[in-house]
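Participant: Got a predicted model here, sequence first, then my questions.
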Amino acid sequence: MPLTNRLLPFLALLLFASLCFLSCEEEEDPSGMGMERLTITFVRLGSQNISDMSTVDGDGDLTMRFSSPVEVTSNDLFQIYADGVLLEDTESWNSLDERLTIQLEEDWVEGQTYTLQTRTPITSPGLEPLEAFSISFTIGLGALSVEALTSDTVAFALDGESLNDEIPVAGPFTITFSHALSMSPEELGGQMAIEGPEAVDFTVSAQNDSVFQLQFAQPLADFTTYQLSVSPSLGAVAGRDFTGLDLTFYTGASAELDFPLLSDEDLMTKVQEQTFRYFWDFGHPVSGMARERNTSLNTVTSGGSGFGLMAMIVAVEREFITLSEAVGRWEQVVGFLENADRFHGAWAHWMDGETGAARPFSALDNGGDLVETAFLVQGLLTVREYLKQEVPGQTDLIDRITVLWEGVEWDWYTKGQDQALYWHWSPDHEFEINLPIRGHNETQMTYILAAASPTYPIEPSVYHSGYARGGAMVNGDSFYGVTLPLGNSDFGGPLFFTHYSYLGLDPRNLEDDYANYWTQNINHSLINHLYCANNPRRFFGYSEQCWGLTASDSFNGYTAHSPTNDRGVITPTAALSSIVFTPEESMAALRHFYYDLGDRLWGEYGFYDAFHPGENWVADSYLAIDQGPIICMMENYRTGLLWELFMSAPEVQQGLDALDFTY
């Protein structure tokens, strides 16, 4: 017989029984509506839900919520027991009588099992009562954590959000744990480490079973980044969960200065003299030119050499060298430039220091570099004017400098379009780089000299359409409450914009249709300082006295550091060469670099090029274009010497007049 046929009688019987059951139900409750029962919505200890025999942290009060308002017949509806012992508690209900808070009069005890119970049903109007019940739960062992870390009067921030800087170097460090540790101080010390540039030896002593001190065998290094760690394996030793601790901190000043204290005037003289050695002692022996950097061997730089020529004037006035020594070096440089490769009058960015042959700066850049040429001519003209005043009998050298300057074909570098000057031209690649020189940045000197040229001048319109971009170089935005008159970048860009053209070009009264350049350079420098002082990217070491972002070497390559390209690298030339614009802020930086950081920043040719406090990195390099502005701008701050010399050149005045500058 088929299975379906055999099941039919059974299914009919089951259907009959179901109908009988429903009929009985209808007779017992004619309304068809069953009474709802009062229920518990949740039971929590602190923020943790409790179920029977659960394990929770002992943090907070016990709370219960019911599905409807409860008839509160007593202030002791619930009891809490620990190992059969009734505990004292306080019960409080909210205004709707549907949420209960039970506060225990003593702390919850780790490892203890508690029982929450009621001996009578809990009632609510119109609902079936909630029968008496009990719930048991255990307080687990709380996780171990570091509750506090202090050094002297300084408390470390443990939230990972705040910088831990200005940490005293002598210690001791006091570390407080959330729970007692059943171990010796030596065992705890084995779970901890402090790492920095050098190994840090310390011992651990106990103040009590949760508070310990770390004593250093030697003070920590000042202004240095360290990492303090407590291993997560401490949790296994303590029998608790522990995520460990990894904390980076930056120390403050040591008790003693790195060098004996000098007057500010003597300190500036010392910095100028030591920095000058780069151009004098390290000048190329054949050409007398400045090497690009201290590892450049035979490669010399045109722009950096222009800065070096001006630095030699300072050196004579400061009696670092004699005038006759300077004249000898100037003759050496001029003779080299007369025979070096030129490209429509412009020199290459890099040259062979022995032969004068152009050395490629990049794949397409093996010809004339007009901007670097402008910086070189700035130096030559400043030397020429100095010779006119101090040794007018040096007519041959004076005339040779004039010939060099007048040989630059500035108008050629407009590509015949008279819309802008172009940075590069090469006999192999012509204008393929196709980089127009536009402002506002470090290149303003190029247009001033191009307009000033007695032999190959540009039309004034080229300045307005090219450098000024038809007025588009005007900024006008405010940063930290300081207005930036010019510039395409937020915050003004790297600080060398305020240095290179203004070693000779006096900005104090310089103004055209677009800006007052004294205001521009002051505000740009102030914004750079304020950015570092505010330190929005939270780099260690930045402060009101440790500031300055500009192009320099970095721990990961050369780059133009600025507030929009901030990599945690401070470049001394940025703040020091801005001393004419921000004297107080720059002097504070000078003192900090020399007295506080001199043991690592100060070298054979003055301050090393750059440093990254957070990485404990200091460059071992010197660059001509960073060294020169320190000497020259510091002198302009002290005497205005180089400004007065360059601005006395009649051609410069004619160029400024042609461009409608007031000065």
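Facilitator: Yes, it's here.

Participant: which element is residue 100 on?
Facilitator: Using DSSP states H and E, residue 100 sits within strand 99-104.

Participant: Name the residues of the next helix-or-strand element following that strand that are buried.
Facilitator: Following strand 99-104 in sequence order, the next helix or strand is strand 113-117 (DSSP H and E). Residues of strand 113-117 classed as buried under the neighbour-count rule (16 or more other C-beta atoms under 10 Å) are 114-116. Where C-beta positions appear, they are placed from N, C-alpha and C, glycine not excepted.

Participant: what's strand 113-117 packed up against?
Facilitator: Applying 3 or more C-beta pairs under 8 Å, 6 or more residues apart in numbering; DSSP states H and E, one finds that strand 113-117 makes contact with strand 79-82, strand 134-139.

Participant: contacts for that strand?
Facilitator: 43, 50, 62, 78-83, 87, 102, 108, 132-139 (C-beta atoms under 8 Å, 6 or more residues apart in numbering).

Participant: of these, buried ones?
Facilitator: 43, 50, 62, 78-80, 82, 102, 108, 135, 137, 139.

Participant: Let's have the residues you listed in a markdown table, adding distance to residue 434 and pLDDT.
Facilitator: As requested, the buried ones among the contacts of strand 113-117 are arranged in a markdown table below (distance: C-beta to C-beta, whole Å; pLDDT from 0 to 100):
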| residue | distance to residue 434 | pLDDT |
| --- | --- | --- |
| 43 | 75 | 96 |
| 50 | 74 | 93 |
| 62 | 76 | 96 |
| 78 | 84 | 95 |
| 79 | 88 | 95 |
| 80 | 83 | 96 |
| 82 | 84 | 95 |
| 102 | 79 | 96 |
| 108 | 75 | 94 |
| 135 | 80 | 95 |
| 137 | 76 | 95 |
| 139 | 75 | 93 |
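
Participant: can you state the direction angle for the strand holding residue 100 and strand 113-117?
Facilitator: Relative orientation of strand 99-104 versus strand 113-117 (axes from the mean of the first three to the mean of the last three C-alpha atoms, to 10 degrees): 140 degrees.

Participant: how distant is strand 99-104 from the center of its chain?
Facilitator: Centroid displacement of strand 99-104 relative to its chain, using C-alpha atoms, centre = their mean, to the nearest Å, is 50 Å.

Participant: in that strand, what counts as buried?
Facilitator: Buried, per 16+ other C-beta under 10 Å, within strand 99-104: 99-100, 102, 104.

Participant: cool, and stretch 623-630?
Facilitator: 623-630.

Participant: Out of those, the closest to residue 259 would be?
Facilitator: Nearest to residue 259 among these, counting by C-beta to C-beta, is residue 630 at 17.4 Å.

Participant: can you dump the C-alpha coordinates of the helix or strand harbouring that closest one into PDB?
Facilitator: Using DSSP H and E, the element containing residue 630 is helix 624-638. C-alpha atoms of helix 624-638 as PDB (Å, rounded to 0.1, in the frame of the first residue of the first chain):
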ATOM      1  CA  ALA A 624      75.900  76.400  -0.200                       C
ATOM      2  CA  ILE A 625      72.400  77.800  -0.800                       C
ATOM      3  CA  ASP A 626      71.500  77.200   2.900                       C
ATOM      4  CA  GLN A 627      74.900  78.500   4.300                       C
ATOM      5  CA  GLY A 628      75.000  81.700   2.300                       C
ATOM      6  CA  PRO A 629      71.800  83.300   3.400                       C
ATOM      7  CA  ILE A 630      72.700  82.800   7.100                       C
ATOM      8  CA  ILE A 631      75.800  85.000   6.800                       C
ATOM      9  CA  CYS A 632      74.300  87.500   4.400                       C
ATOM     10  CA  MET A 633      70.900  88.000   6.100                       C
ATOM     11  CA  MET A 634      72.500  88.200   9.500                       C
ATOM     12  CA  GLU A 635      74.700  91.000   8.200                       C
ATOM     13  CA  ASN A 636      71.800  92.800   6.700                       C
ATOM     14  CA  TYR A 637      70.100  92.600  10.100                       C
ATOM     15  CA  ARG A 638      73.200  94.000  11.800                       C
END
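
Participant: Look up how far residue 102 lies from residue 76.
Facilitator: Taking C-beta to C-beta, to the nearest Å as the measure, residue 76 falls 10 Å from residue 102.

Participant: which residues are common contacts for those two?
Facilitator: Common contact partners of residue 76 and residue 102 (C-beta under 8 Å, 6+ apart): residue 91.

Participant: Just the CA trace of stretch 391-402, in PDB.
Facilitator: Provided in PDB are the C-alpha atoms of stretch 391-402 (Å, rounded to 0.1, in the frame of the first residue of the first chain):
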ATOM      1  CA  VAL A 391      89.400  99.600  -3.800                       C
ATOM      2  CA  PRO A 392      88.400 101.800  -6.800                       C
ATOM      3  CA  GLY A 393      91.800 101.200  -8.200                       C
ATOM      4  CA  GLN A 394      90.700  97.600  -9.100                       C
ATOM      5  CA  THR A 395      89.300  98.900 -12.400                       C
ATOM      6  CA  ASP A 396      90.200  95.700 -14.300                       C
ATOM      7  CA  LEU A 397      88.300  93.500 -11.900                       C
ATOM      8  CA  ILE A 398      85.400  95.900 -11.800                       C
ATOM      9  CA  ASP A 399      85.200  96.100 -15.600                       C
ATOM     10  CA  ARG A 400      85.500  92.300 -15.900                       C
ATOM     11  CA  ILE A 401      82.500  91.800 -13.600                       C
ATOM     12  CA  THR A 402      80.500  94.300 -15.600                       C
END
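
Participant: buried residues in it?
Facilitator: Buried-residue list, stretch 391-402, by 16+ other C-beta under 10 Å: 394, 397-398, 400-402.

Participant: just checking, residue 352 touches residue 359?
Facilitator: Yes - between residue 352 and residue 359 there is a contact at 5.9 Å, judged by C-beta atoms under 8 Å.

Participant: Give the residues shared as contacts by these two.
Facilitator: By C-beta under 8 Å, 6+ apart, the residues touching both residue 352 and residue 359 are residue 299.

Participant: mind listing what the residue lying closest to residue 358 once chain neighbours are set aside touches?
Facilitator: Excluding its sequence neighbours, the residue lying closest to residue 358 (C-beta to C-beta, 6 or more residues apart in numbering) is residue 348, at 3.6 Å. Residues near residue 348 by C-beta under 8 Å, 6+ apart: 302, 341, 358-359, 361, 366-369, 372.

Participant: returning to that earlier point: can you name every helix or strand that the helix holding residue 630 contacts?
Facilitator: With contacts defined as 3+ C-beta pairs under 8 Å, 6+ apart, the packing partners of helix 624-638 are helix 264-280, helix 302-317, helix 572-576, strand 606-607, helix 641-647.

Participant: Mind putting the ones you listed into a markdown table with distance to residue 124 and mean pLDDT?
Facilitator: Output for the helices and strands packed on helix 624-638, formatted as a markdown table (distance: least, C-beta to C-beta, whole Å; pLDDT from 0 to 100):
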| stretch | distance to residue 124 | mean pLDDT |
| --- | --- | --- |
| helix 264-280 | 83 | 98 |
| helix 302-317 | 88 | 98 |
| helix 572-576 | 74 | 99 |
| strand 606-607 | 80 | 98 |
| helix 641-647 | 91 | 98 |
